[in-house]
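1. Okay, predicted coordinates and the sequence, questions at the end:
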Amino acid sequence: MAVMVGIGRGARSGILVKDATALELLAKVDTLLIDKTGTLTEGKPELREIIWDSSANDTALRRLILSSVYGAENESIHPLAGAIASGIRKQDIEPARPESYEYIPGFGIKCRSNGMNMEIGPASLSEKSEDMGFRNKIDDLLGLGAGVVVAVCNCKPVVAFAVEDEIRVDAVLAVKELMSAGINVELLTGDRQATARHIAGKAGITAVTAETLPSMKQQRVEELQKEGHVVAMAGDGINDSQALAAADVSVAMGGGSDIAIDVAKITLVGGRLASLPEAVRLAKSTLRIIRENLFWAFIYNIIGIPLAAGALYKTGFLLSPMFASAAMALSSLCVVANSLRLNRVKLK
């Protein structure tokens, strides 16, 4: 009964609980792994800068490369892809449809476009460049918290895109409240270490695991579970789905990818990170009510069953069946009334 009321209370606050056991487990969580893009940040990235490698010094070649990147990113559902495509569109460049296309979760895109073999992926691709100015600029941008996507053309890094995604306005307070509730918060992201550290620092998170592939995120969840932790994972993308499935409690942000929402046991419908500590408070209140209901039901039956069985018959006291039925109904009424107290719990 308490779980049912708790689920209803959560729904009214934008916390959609799809698995009743998740609400009970959330009250016991001691470690939260949280994704960066779209979870800790707004998920509305914008292209801030395009950096060219010295090997791509021809204007016509640059437009051809941007056209290929534009067309490839149009096929992608990664949060940064839309920002890059939108930024290129503003330069009056038409997208080239890829002749072949492969999306690799945790890495990026491999495709053939405009007769060129293209790789579009993480900043680490810039390590193949011989232009130290190009590589140093990328390192500087990563240190400032920008997300960097590098395009490789015919095995040579040619261009990098610096994308910025602002941290959620409620992130700092949400992290602080979670830590105050005794939950260790760790940033788990595929971004470079410098970018991850910068964003984590803004949010007040000290534990960071960066440069992870989807399978590595799952491994991190399993490592913590083997150490005896009850682990929650919060994410919004395809890259988070393996970790979400492995976690004791999985939380998806509303507006995230369909697969993340489908896998998650709890969805924050409004996409507010502040709803996460609210969900924890609701879970703990629900668990407390469950324990209270069990306690009173246990005490009630310890007293009532012997009386109904005639334990005091020799003293002349006998509990009539009608009175026993009424007492049983009263017991159920007490459980319902106590459970309904969850509707008055303050989550904010």
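-> Here it is on my side, so go on.
2. Please pull out the lowest mean pLDDT helix or strand from this structure.
-> helix 321-339 (a mean of 71; mean pLDDT, DSSP states H and E).
3. C-terminal to the helix or strand harbouring Gln242, what's the next element?
-> Using DSSP states H and E, Gln242 sits within helix 241-246. Next along the chain after helix 241-246, taking DSSP H and E as the criterion, comes strand 249-253.
4. For that next one, which strands pair with it and how are they oriented?
-> Partners of strand 249-253 in the sheet, by DSSP bridges, are strand 231-235 (parallel), strand 266-268 (parallel).
5. For that strand, give the mean pLDDT please.
-> Here strand 249-253 scores 92 as its mean pLDDT.
6. buried sites along the longest helix along the chain?
-> When the chain is parsed with DSSP state H, its longest helix is helix 275-308. Under the neighbour-count criterion of 16 or more other C-beta atoms under 10 Å, helix 275-308 has 275-287, 289-290, 292-293, 300, 304, 307-308 buried. The way it works is simple: take the backbone N, C-alpha and C, and place the C-beta from them, glycine included.
7. and the angle for it with strand 249-253?
-> Here helix 275-308 runs at an angle of 140 degrees relative to strand 249-253 (axes from the mean of the first three to the mean of the last three C-alpha atoms, to 10 degrees).
8. elements contacting helix 275-308?
-> In terms of contacts (3 or more C-beta pairs under 8 Å, 6 or more residues apart in numbering; DSSP states H and E), helix 275-308 is packed against helix 2-12, strand 15-17, helix 20-26, helix 171-180, strand 266-268, helix 321-339.
9. right, and the ones you listed - which one's nearest Asp92?
-> Each of those has some distance to Asp92 by C-beta to C-beta; the shortest is helix 171-180, at 36.2 Å.
10. what separates the closest one from the chain centre, distance-wise?
-> 15 Å (C-alpha atoms, centre = their mean, to the nearest Å).
11. Sheet partners, orientation included, of whichever helix or strand comes after that helix?
-> Next helix or strand after helix 171-180 toward the C-terminus (DSSP H and E): strand 184-188. For strand 184-188, the paired strands and their directions (DSSP bridges) read strand 31-34 (parallel), strand 207-209 (parallel).
12. Which among those is found nearest to Lys226?
-> Nearest of the strands paired with strand 184-188 (C-beta to C-beta): strand 31-34, 12.2 Å.
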